[in-house]
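>>> Sequence unavailable; structure follows:
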Ligand SMILES: Cc1cc2nc3c(=O)[nH]c(=O)nc-3n(C[C@H](O)[C@H](O)[C@H](O)COP(=O)(O)OP(=O)(O)OC[C@H]3O[C@@H](n4cnc5c(N)ncnc54)[C@H](O)[C@@H]3O)c2cc1C
């Protein structure tokens with residue numbers, strides 16, 4: 001099936017594509033590599049600023065926030081152009097796509113300009129402090145507490161898995177402000193600068209290697225945070241969480257489709273069994289794009305559909321993992337050599353997408369966890385899409 005767009009969307013794509021042709025920095029300019037999702041070398045900051053100034057950073061936003069009031073379909077082709085060229089619009093993806101986007105939705109005018117705009121312009125970076133040791137899927141159980149004291153909140157507690165926190169200037173942090181309210185109703189959102197006394201970020205390695213220190217434990221000990229840093233209403237943080245996760249999940253399937261497409265391009269099967277599995281990957285990829293396109297068409301008509309988010313998220317995450325497993329099996333012992341490369345160097349992408357097949361396989365697990373685990377997606381689909389009773 002051939003999907004096509006209206007002429008305004010095609011024109012939008014052509015304009016963005018020409019912009020990329022004219023302005024992409026060269027590989028030589030990008031030698032310093034980002035070490036975490038909140039670490040941006042100067043070239044990455046300049047690149048993001050260029051996109052912001054030209055309305056190509058978050059196209060759905062108005063020009064003051066780095067966009068051009070783009071439609072849903074225009075946003076889609078923007079992402080598609082970035083994906084097919086293996087480039088990133090921002091090397092601080094949580095900061096731009098989740099933290100700044102949440103501030104634009106829920107923050108006051110002052111907060112938008114003080115906190116969101118510097119992140120969008122690449123002058124500051126931000127990370128997302130949601131998960132805790134006992135609050136991941138069940139985020140509403142979070143225990144980091146903030147107690148009002150004069151003009152400040154005093155924050156105590158711990159976050160974990162906070163990607164890039166050690167390199168971030170500030171964290172969008174979810175805290176418990178009313179311990180007596182039902183658990184969804186006593187949560188608030190605070191912007192916490194990482195240089196405040198009492199904030200300790202402890203990066204730790206992931207399973208791909210000791211040098212990969214993106215995850216953090218973040219400890220808060222009597223941290224005094226100005227009350228002006230409260231985002232949204234006091235005890236109204238659950239709405240901000242849902243908004244933040246909504247930003248995270250929007251068109252998430254396209255990221256999976258992109259990485260599966262990369263696997264298809266980078267791996268060549270060499271026997272009948274591998275070819276059989278390779279064909280399954282190509283079918284998964286086509287199914288994902290078609291399902292995603294159905295959701296996209298619904299979103300462009302202004303319809304909100306839970307299935308359109310959870311089904312492609314689940315399919316995409318698991319298909320990416322199967323594709324990487326097939327390629328790793330096909331590569332045999334060579335797939336374990338580290339460091340090594342399994343795809344073309346893409347200087348405007350994160351380096352782990354051209355790493356060894358083992359690393360690409362190991363990283364594919366993250367899609368089944370971040371943004372809601374596969375089990376949670378299955379629960380949502382069972383209850384909210386199929387209408388099955390709770391077990
Ligand atoms: C690459 C990556 C980046 C991340 N970055 C960030 C970040 O920047 N900031 C941040 O705050 N967090 C981040 N996270 C954390 C992520 O949000 C959590 O890992 C996720 O919400 C799951 O929580 P958990 O790890 O505590 O697992 P748990 O919730 O403890 O789940 C453990 C297992 O139990 C299953 N399970 C739990 N509840 C149910 C249920 N009701 N029914 C069936 N099965 C269930 C889960 O599916 C899972 O298999 C990141 C995670 C990854 C992988």
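Nice, I can see it. Keep in mind it's a predicted model, so treat the numbers as computed, not measured. Residues are numbered from 1 along each chain as shown.
>>> ok, which stretches of the chain are strands?
126-129, 145-149, 152-160, 170-176, 187-193, 199-204, 215-226, 230-231 (DSSP state E).
>>> Which strands or helices does the shortest one pack on?
If I follow you right, that is strand 230-231. Applying 3 or more C-beta pairs under 8 Å, 6 or more residues apart in numbering; DSSP states H and E, one finds that strand 230-231 makes contact with helix 101-106, strand 187-193. The way it works is simple: take the backbone N, C-alpha and C, and place the C-beta from them, glycine included.
>>> what separates the last one from the chain centre, distance-wise?
Strand 187-193 sits 19 Å away from the centroid of its parent chain (C-alpha atoms, centre = their mean, to the nearest Å).
>>> and if you look at stretch 289-306?
Distance, centroid of stretch 289-306 to centroid of chain: 19 Å (C-alpha atoms, centre = their mean).
>>> Can you mark which positions in that stretch are buried?
289, 291, 292, 295, 296, 299 (16 or more other C-beta atoms under 10 Å).
>>> which ones are touching the third one?
Applying C-beta atoms under 8 Å, 6 or more residues apart in numbering, we find residue 292 in contact with 251, 253, 254, 257, 312, 316.
>>> Quickly note the distance from whichever residue of the stretch 101-250 of the chain sits closest to the ligand to residue 386.
Nearest residue of the stretch 101-250 of the chain to the ligand: residue 136, at 1.9 Å (C-beta to the nearest ligand atom). Distance of residue 136 to residue 386, computed by C-beta to C-beta, to the nearest Å: 24 Å.
>>> Kindly report the same for residue 292.
20 Å.
>>> And residue 317, by the same measure?
Residue 317 is 19 Å from residue 386, by C-beta to C-beta.
>>> In terms of neighbours, single out the busier of these two.
Neighbour count, other C-beta atoms under 10 Å: between residue 317 and residue 386, residue 317 has more, with 25 against 8.
>>> what sits against the closest residue in space to that one that isn't next to it in sequence?
Leaving aside its sequence neighbours, residue 317 sits nearest to residue 367 (C-beta to C-beta, 6 or more residues apart in numbering; 3.9 Å). Going by C-beta under 8 Å, 6+ apart, residue 367 touches 255, 256, 259, 316, 317, 320, 321.
>>> quick one: pLDDT of the third one?
Residue-level confidence at residue 259 comes out at 95, pLDDT.
>>> How about it: what's its closest non-neighbour residue?
For residue 259, the spatially nearest residue (C-beta to C-beta, 6+ apart) is residue 320, at 5.4 Å.
>>> In contact with the nearest residue to residue 199 once chain neighbours are set aside, which residues?
Counting by C-beta to C-beta, 6+ apart, residue 199 lies nearest to residue 223, which is 5.6 Å off, once chain neighbours are set aside. With contacts taken as C-beta under 8 Å, 6+ apart, residue 223 has the following neighbours: 154, 155, 156, 192, 196, 197, 198, 199.
>>> Scan these and report the most crowded one.
residue 192 (25 neighbours).
>>> Quick check, that one in contact with residue 220.
Yes: using C-beta atoms under 8 Å, residue 192 is in contact with residue 220, at 7.4 Å.
>>> what touches both of these two?
Common contacts of residue 192 and residue 220 (C-beta under 8 Å, 6+ apart): 155, 173, 199.
>>> right, and the first one touches residue 220 too?
Yes: counting by C-beta under 8 Å, residue 220 is a contact partner of residue 155 at 4.5 Å.
>>> Mutual contacts of the two, please.
The contact lists of residue 155 and residue 220 share 144, 173, 192, 198, where a contact means C-beta under 8 Å, 6+ apart.
>>> For the second one, give its distance to residue 136.
Translated: residue 173. Taken as C-beta to C-beta, the span from residue 173 to residue 136 is 16 Å.
>>> Please say which of the two ends up with more neighbours.
When neighbours are counted by other C-beta under 10 Å, residue 173 comes out ahead of the other of residue 173 and residue 136, with 30 against 17.
>>> ok, of the contacts of residue 367, which come out buried?
255, 256, 259, 316, 317, 320, 321.
>>> ok, longest helix in the protein?
For the chain, the helix with the greatest residue count under DSSP state H is helix 272-300.
>>> What pLDDT is listed against residue 248?
Reported pLDDT at residue 248 in the predicted model: 57.
>>> Same question for residue 31.
With respect to pLDDT, residue 31 scores 96.
>>> same question, residue 101
92.
>>> and if you look at the one 10 residues further on?
According to the model's per-residue confidence, residue 111 sits at a pLDDT of 98.
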